[in-house]
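Undergrad: next one to model:
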Amino acid sequence: MFENEEKLFKNISKNALISKKSLIFSAILLIILVFKFLTIFLIHNIPSFAVFYTKYILNIKNGIIYSIVPYIPFVDKLSDKFQLIILILFTLSMILFFVSIDVKPKIKKKQLSKKRKLANISVIIFSLTIFSFAYDVIEYSQMESIPNMEKTLYKSYFEKEYTINDVEKLMAYLDKNVNKYSNNYKESAINYEKQAKEDLINIKNKIPFLTGMFPSKAFSYDTKLKEVYGANLTGLTSNYLVFYNDYLPAPITLNTLTHEFCHTKSIFKENEAVYCSYVAGINSNNDISKYGAYLEAYFRIAFAYSTFNIEKSIEYEDKYTSKCLTENKNEFCYIYGKTNKEYIDGSKYLWIKTYSLKNYLNYKEELISALTKLVNDGYHLKLEIENRNIKLDEIPELIENGSMDRIIIQESIDQKGFDRIKNTISNDKLFLAIMQMEDNDSEFSHGDALNFYLGAEENENDYVDMYTYSKIVRLLLIYHDIYGYN
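TA: Okay, the predicted model is just below:
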């Protein structure tokens, strides 16, 4: 009886469409996914394992991926088509599979061999597509499980309370350095990728997560990504590639690329990546790196002030941003986003902000001309500090009187609407900010300064609000508590 069953099994195996090798290949991919799920569970529940896994496994693995993938032909052109490619391959695997299983009773050996090849190809493609999609999802989900820096690197500071006086001291330090490097800054050629890597390698003793290789190449936004994210988005990191806007001023570009390289080292949270690039920049031997780091930190904190003290926020920002208009200092022209070159598909709102009106004394006609065209197109003008609507004929007097207030314009937008005003907003120097957004989220809540800025990050999954940057302030304060203000 057993002999007959053994013969039957061998006969089935011999005539099976799907080979053992294909099944083993699929099983290996499944085991890898199970292992990934297990590691997510462990790093989420065991902090010490999370640190070990991040430093010695995840970052080593990511370093290899970020070093190899950029060499794949046209990979940057296809990076935003990942889900579409997966869907196409999945559909192809299904078609091949159903074609292969359509086996007639008296099929010839040659035809059966072709069916087997189709079946095995379909299984391999199917397994790879499911694996790729699941792996990508898991990679993103593990961002929530990596412990925050405050709990791993700065445990002794976790309970420390800071005050607004500490923030003012930090701002005075940043102000001094922005002013210093601004006065000495000259445009010069720089290898951004090389300098960013050198700066990060230099601070491995301060941020031990910077293990493994760094990306072999970063791509500029001279791709279809411009149509998706807009021409003035500064940086983007995916699971496999890094993109950055390489035609912005050098200090901003270098700081951005350093920031994105930090993301490749499992520093997923925005506040921690800002901190990472800041530490790398101020400890660099390159003045452009230093300048970019101080600029970024200064304006992140200045902008955060808007949540509880709008006048102070504008005072901090205007001290330098106005130099874009009045002194033609290009590095201050892109502190805010300026997505004024092309309509970003999906955008529903356009948000425009002027500099403080006092800065337009020599540019009064240009400003009023542009604002008149916008008003004639249905746009409304609002004063930021006074929080009221304003008419065009009020603007000249405010400029003459040296008003610190700024005009905000916020209206719905679509492709046709953008095309009508494109020329009006094309001057990068005339406005402080020109941003297209999917949501009407430019109104910021006002809260208690002490609690808002300075509380410890109790929940390790608590991502920093992209617009308030409160946790950035705390990390910078901790850093200067440890290393001083040199």
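Undergrad: burial count for Tyr360?
TA: Look at Tyr360: counted by other Cβ atoms under 10 Å, it has 25 neighbours. For glycine as for every other residue, the C-beta is placed from the backbone atoms N, C-alpha and C.
Undergrad: got it, and Tyr135?
TA: Using other Cβ under 10 Å, the number of residues around Tyr135 comes to 15.
Undergrad: show me how the protein divides into domains.
TA: Using automatic domain parsing, the domain parsing of the chain gives 2-146, 151-308+446-483.
Undergrad: how long is the longest one from one end to the other?
TA: Its start and end residues considered, domain 151-308+446-483 measures 18 Å (Cα to Cα, to the nearest Å).
Undergrad: ok, now stretch 333-346?
TA: With Cα to Cα as the measure, the ends of stretch 333-346 fall 25 Å from one another.
Undergrad: that one - what's its average pLDDT?
TA: Over the span of stretch 333-346, the pLDDT mean works out to 83.
Undergrad: ditto for stretch 167-174
TA: Taken as a whole, stretch 167-174 has an average pLDDT of 94.
Undergrad: can you give me how far it is from the chain middle?
TA: Relative to the chain's own centre, stretch 167-174 is displaced by 26 Å; criterion: Cα atoms, centre = their mean, to the nearest Å.
Undergrad: same check, this time on stretch 410-417
TA: Averaged C-alpha coordinates place stretch 410-417 at 25 Å from its chain's average position (Cα atoms, centre = their mean).
Undergrad: mind listing what's buried along it?
TA: With burial defined by 16 or more other Cβ atoms under 10 Å, the residues of stretch 410-417 counted as buried are 410-411, 413, 417.
Undergrad: next step: those restricted to strands.
TA: If you go by DSSP state E, these have 410-411 in strands.
Undergrad: ok, how many other residues are close to the closest residue to Glu193 other than its chain neighbours?
TA: The shortest distance from Glu193 to any residue other than its chain neighbours is 5.6 Å, reached at Ala218 (Cβ to Cβ, 6 or more residues apart in numbering). Counted with other Cβ under 10 Å, the burial measure for Ala218 works out to 24 neighbours.
Undergrad: isn't Ala218 right up against His259?
TA: No: here Ala218 does not reach His259: they are 11.4 Å apart, not a contact under Cβ atoms under 8 Å.
Undergrad: and the domains of the chain, which one is worst for confidence?
TA: domain 2-146 (a mean of 74).
Undergrad: ok, then the element right after the helix or strand harbouring Leu84?
TA: Leu84 is part of helix 82-100 when elements are defined by DSSP states H and E. Following the chain from helix 82-100 toward its C-terminal end, the next helix or strand by DSSP H and E is helix 109-141.
Undergrad: how far off centre is whichever helix or strand comes after that next one?
TA: Sequence-wise, the next helix or strand downstream of helix 109-141 (DSSP H and E) is helix 149-152. Its chain's average C-alpha position is 21 Å from that of helix 149-152, according to Cα atoms, centre = their mean.
Undergrad: counting by contacts, list what the helix or strand just after helix 149-152 packs against.
TA: Next in sequence after helix 149-152, counting helices and strands by DSSP H and E, comes helix 164-184. Identification of packing neighbours for helix 164-184 by 3 or more Cβ pairs under 8 Å, 6 or more residues apart in numbering; DSSP states H and E yields helix 287-304, helix 310-326, helix 449-454, helix 470-483.
Undergrad: one more pass at 7 Å, please.
TA: In this structure, helix 164-184 packs against helix 287-304, helix 449-454, helix 470-483, with contacts taken as 3 or more Cβ pairs under 7 Å, 6 or more residues apart in numbering; DSSP states H and E.
Undergrad: please report the distance of the spatially most central residue of the chain from Leu254.
TA: Per Cα atoms, centre = their mean, the C-alpha nearest to the average position across the chain is that of Leu236, at 4.4 Å. Counting by Cβ to Cβ, to the nearest Å, the separation of Leu236 from Leu254 is 16 Å.
Undergrad: can you tell me the SS state at Ile352?
TA: Ile352 carries the three-state label strand when classified by DSSP: H, G, I helix; E, B strand; the rest coil.
Undergrad: for it, which non-adjacent residue is spatially closest?
TA: Going by Cβ to Cβ, 6+ apart, Ile352 has Ile409 as its nearest residue, at 4.1 Å.
Undergrad: and Ser127, by the same measure?
TA: If you skip the residues right next to it in sequence, Ser127 has Ser26 as its closest partner in space, 4.2 Å away by Cβ to Cβ, 6+ apart.
Undergrad: correct me, but the one you found touches Ile125?
TA: No: proximity of Ser26 to Ile125 does not meet the contact threshold set by Cβ atoms under 7 Å, at 10.8 Å.
Undergrad: what touches both of those two?
TA: Both Ser26 and Ile125 lack any common contacting residue under the criterion Cβ atoms under 7 Å, 6 or more residues apart in numbering.
Undergrad: now the residue nearest to Glu193: how far from Phe49?
TA: Ala218 is 31 Å from Phe49, where distance means Cβ to Cβ.
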